[in-house]
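S.K.: Let's see this in three dimensions:
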Amino acid sequence: MVRISGEDVRHITKVLRLGIGDPVELCDGQGLVCVGEIVKTSADEVLVGRGAWHLSDTEPKHHITLMQCLPKAGKMESIVQKCVELGVSAILPLLSARCVAVPTRDFEKKRLRYARVAREAAKQSKRGIVPEVLPLCALDVLPLSDFDTVLLAYEEERETTLRPALRRGVGQRIALIIGPEGGFAPAEAVLLQGRGAVAVSLGPRILRTETAGPAMLAQLLYEVED
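M.R.: Below is the predicted model:
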């Protein structure tokens, strides 16, 4: 038996108008799902009799972390939402030299809001996990050694585009690094490449920072997933 409480109770009973005997799909947020049947509802909780857990078939085979430099106010929520829908595994907010947005002491409150956006997007798109929104990180201390493949979207790259970079082969754990509105400073690009990041062009047109992440993620998944 699974006990559902909180905001989901209203969504199930008032928005979806489900009741006793109706089927619901349950997810543990860690990649397992099952189909259950509502056996009891009240104002505070919904009880569901569940079937057997099995692996979600909506999760990508690769673990992909989007490392997104802080954009202007309001854009980060859209980036989180769309990338979770597409299949990102985690999102790491970054602080770089040209970030227009300057984080305040209460950035943790913003991170928690982004995490709620990720949770709602995961539910809407029937993800098997809820992608984590990690604490803010400075560019010069990125944990790049944790990844098998690191791809840097860099507008000054003139030779390597994303497709040939991917066709050389990628590892299981992939990081995508996206700059802020003003792009990366040349010294930052040199620093990241010196630590193993592969600079790639996303094409002849300059993309907004809120477009670049979802576009790069979608192209990556198209190329490497079955």
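S.K.: For the rest of this, base every contact and every neighbour count on C-alpha atoms.
M.R.: Will do.
S.K.: In this structure, which strand is the longest?
M.R.: Secondary structure of the chain read by DSSP state E shows that its longest strand is strand 32-41.
S.K.: so for that strand, what's the average pLDDT?
M.R.: The average pLDDT within strand 32-41 is 91.
S.K.: which other helices and strands contact that strand?
M.R.: strand 23-27, strand 45-50, strand 54-55 (3 or more CA pairs under 8 Å, 6 or more residues apart in numbering; DSSP states H and E).
S.K.: is it possible to export these to a markdown table including mean pLDDT and distance to Thr160?
M.R.: Putting those into a markdown table (pLDDT from 0 to 100; distance: least, CA to CA, whole Å) gives the following:
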| stretch | mean pLDDT | distance to Thr160 |
| --- | --- | --- |
| strand 23-27 | 89 | 40 |
| strand 45-50 | 90 | 50 |
| strand 54-55 | 90 | 37 |
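S.K.: Just tell me which of the ones you listed ends up closest to Arg105.
M.R.: strand 23-27 (34.0 Å; CA to CA).
S.K.: how does this structure divide into domains?
M.R.: 2-55, 63-224 (automatic domain parsing).
S.K.: how about those in JSON lines, adding mean neighbour count?
M.R.: Below are these laid out as JSON lines (neighbours: other CA atoms under 10 Å):
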{"stretch": "domain 2-55", "mean neighbour count": "15"}
{"stretch": "domain 63-224", "mean neighbour count": "18"}
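S.K.: Lowest average confidence across those, which one?
M.R.: Mean pLDDT, when computed for each of these, is lowest for domain 2-55, at a mean of 89.
S.K.: now the longest helix belonging to the chain against strand 23-27, angle please.
M.R.: Counting by DSSP state H, the longest helix found in the chain is helix 107-124. Angle of helix 107-124 versus strand 23-27, following axes from the mean of the first three to the mean of the last three CA atoms, to 10 degrees, is 140 degrees.
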